[in-house]
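Participant: Here you go, sequence then predicted model.
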Amino acid sequence: MTSDFRMLARAIALLLALSLALPSTARAEIDSPLVKKGLAAYAELDYARAIALLEQARNESLTREEKIVTYQTLGLAQVGLGHTVEAQAAFGHLLRIDPSFQLDRSVAPKVRALFEEAKAQVATSGRGVGSSLPSVAVTLEPAAPHEGRPITIRATYAGGVAQKMAVYHRTAGQPSFSRLLVPGNADGRFEANIPGLAVQPPLLEYHVALLDESGAAVASAGTLGQPLTVAIERKKRPIYTRGWFWGVIGGVAAAGAIAATLAVVLPRTGNTSVTVNPQ
């Protein structure tokens, strides 16, 4: 088999996956003429015309279902033209409308990998998304983390499908997640270390996604919309670092200064006594 033939075969497989990607049920709920024309152009593999029509449709008052199918089709059409950046942007819009949206597993791995990258961009920009992937069990070491100390996250996924582990983590209340990406070993075991500087009270929120060789997610623990959490024990601080300690010291010092001043200015007689009560 020549290289040209292999490239043609891959291109045909990608076009077939793209042509099957849109659900027929979604098309029945579309009323916008522009969206309908865009879907028809996409079905005819005229991706440039589909994009032009759907970009126009974005300026209309579309229903939620119409927005979902518009951005899904835009993303797929951009992939068909090799425009990966534009495809990720369209998928990002889709995920902000429907955080639980997932591409069908029959869609080409290349497309699902771009979708997963879009999901990561949405997460690290502060907008979480959900997931309907199979669950994977994860363990933390230590199980009861302490402030400022690193945490090791481990997961196991047998079968050899998963190649990498993406860990998203943040301190509760922060707007966005940080991302760690680590490879697995031959036994399907994964391990990532969250640095101590990122382990802060009161809670650590985290989400784990296992990715195949193309970068598409195959399993997860928690979701970006509903992350897993673990309480972080606060570090015990020396008494001299606490504000009330220096307040007491300041009050005692002030009382001593007052007493010394009074001892100088008041007349020294046998019947005079002064009592100073620090407040």
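Facilitator: Right, received. Where do you want to start?
Participant: Ignoring the adjacent residues along the chain, who's closest to the most centrally placed residue in the chain?
Facilitator: The centre of the chain sits closest to A123, judged by C-alpha atoms, centre = their mean, with a distance of 3.0 Å. Distances taken as C-beta to C-beta, 6 or more residues apart in numbering place L224 nearest to A123, at 4.4 Å, with adjacent residues excluded. For the C-beta atoms, the positions are set from N, CA and C on the backbone; glycine is no exception.
Participant: Would you mind measuring from the one you found to Q72?
Facilitator: Distance of L224 to Q72, given as C-beta to C-beta, to the nearest Å: 19 Å.
Participant: what do you get for T84?
Facilitator: Here T84 is placed at a distance of 16 Å from Q72 (C-beta to C-beta).
Participant: Which parts of this structure are helices?
Facilitator: Secondary structure of the chain (DSSP state H): helices located at 3-19, 24-28, 33-43, 47-57, 64-80, 84-97, 109-124, 243-265.
Participant: D212: neighbour count?
Facilitator: The number of residues packed near D212 is 18, by other C-beta atoms under 10 Å.
Participant: ditto for P142
Facilitator: Taking other C-beta under 10 Å as the criterion, the count of residues near P142 is 12.
Participant: what sits against it?
Facilitator: R149, I151 (C-beta atoms under 8 Å, 6 or more residues apart in numbering).
Participant: Between its first and last residues, how far does stretch 210-224 reach?
Facilitator: Using C-alpha to C-alpha, to the nearest Å, the end-to-end distance of stretch 210-224 comes out at 14 Å.
Participant: Revised request: answer the last question for stretch 140-147.
Facilitator: With C-alpha to C-alpha as the measure, stretch 140-147 spans 14 Å from end to end.
Participant: Sketch out the low-pLDDT regions of the protein for me.
Facilitator: Along the chain, the parts satisfying pLDDT under 70 run over 1-28, 126-133, 238-279.
Participant: Leaving out chain neighbours, which residue sits closest to K67?
Facilitator: Nearest non-adjacent residue to K67, counting by C-beta to C-beta, 6+ apart: I97, 5.3 Å away.
Participant: what's that neighbour in contact with, if anything?
Facilitator: Counting by C-beta under 8 Å, 6+ apart, I97 touches R64, K67, I68, Y71.
Participant: do you know how far the residue nearest to R64 when sequence neighbours are not counted is from R105?
Facilitator: Closest residue in space to R64, ignoring its immediate chain neighbours: I97 at 6.5 Å, by C-beta to C-beta, 6+ apart. I97 sits 21 Å away from R105, going by C-beta to C-beta.
Participant: quick one on the thing from earlier: filter the contacts of I97 down to the buried ones, PyMOL style.
Facilitator: Selection command for PyMOL covering only the buried members of the contacts of I97, criterion 16 or more other C-beta atoms under 10 Å:
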select buried, resi 67+68+71
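Participant: Pull the most distant pair out of the contacts of I97.
Facilitator: Among those, the pair separated by the greatest distance (C-beta to C-beta) is R64 and Y71, at 11.1 Å.
Participant: Domain-wise, how is this structure divided?
Facilitator: Per automatic domain parsing, the structural domains of the chain span 3-124, 138-231.
Participant: Ends of the shortest one, what's the gap?
Facilitator: To tie it back to what came earlier, the one meant is domain 138-231. One end of domain 138-231 to the other measures 16 Å (C-alpha to C-alpha).
Participant: Quick check: the residue nearest to A123 touching S125?
Facilitator: No: in this structure, L224 is not within contact of S125 by C-beta atoms under 8 Å, at 10.9 Å.
Participant: Tell me which of those two has more neighbours.
Facilitator: L224 (23 against 13).
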